[in-house]
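Colleague: below: sequence and its predicted model.
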Amino acid sequence: MAILLSGCTKDAFDLRSQYTGPYSFTVQVHGAHGVGQDWLITDTTYTDAGAVLKGSRSGIMEIKGSRFDLQAVLHEHGDLTGYNNHGSGNFPTTGSIDYTYSSYSPSGSTRFHLTGNKQ
């Protein structure tokens, strides 16, 4: 007699929970945009309260602040690559994040570097 076992299987690599929670972020913004013949240069740093959450798809992390809402793919060893954004970074520890992403427009680009610590 054969016994067939079935049920819900858990993704053995789904380690997202260890990185989730409320975070305090520091965001450095560097940009250059053409305005007519002039260039508008942005160079600022601000702090932001937010969170790192599990995404709706397996392996996806959501990185949220009041001025940004990003998704990244979590890889082995806490490495991150952008999901629908030009970004990459990592979780140096289970309580910190380092992520850089860029946005582009016909008039220029802006690079955002965020670091954060779990609260």
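Modeller: Thanks, I have it.

Colleague: and after the helix or strand where Tyr104 lies, which helix or strand comes next?
Modeller: Following DSSP states H and E, the helix or strand that holds Tyr104 is strand 96-105. Where DSSP H and E defines the elements, the next helix or strand beyond strand 96-105 is strand 108-118.

Colleague: in that following strand, what counts as buried?
Modeller: Across strand 108-118, burial judged by 16 or more other CB atoms under 10 Å covers Gly108, Arg111, Phe112, His113, Leu114, Thr115, Gly116, Lys118. Quick note: C-beta positions are derived from backbone N, CA and C, even for glycine.

Colleague: how close does the closest residue to the last one other than its chain neighbours get to Phe112?
Modeller: Okay, so that is Lys118. Spatial nearest neighbour of Lys118, excluding adjacent residues (CB to CB, 6 or more residues apart in numbering): Gly95 at 4.1 Å. From Gly95 across to Phe112, the span is 21 Å (CB to CB, to the nearest Å).
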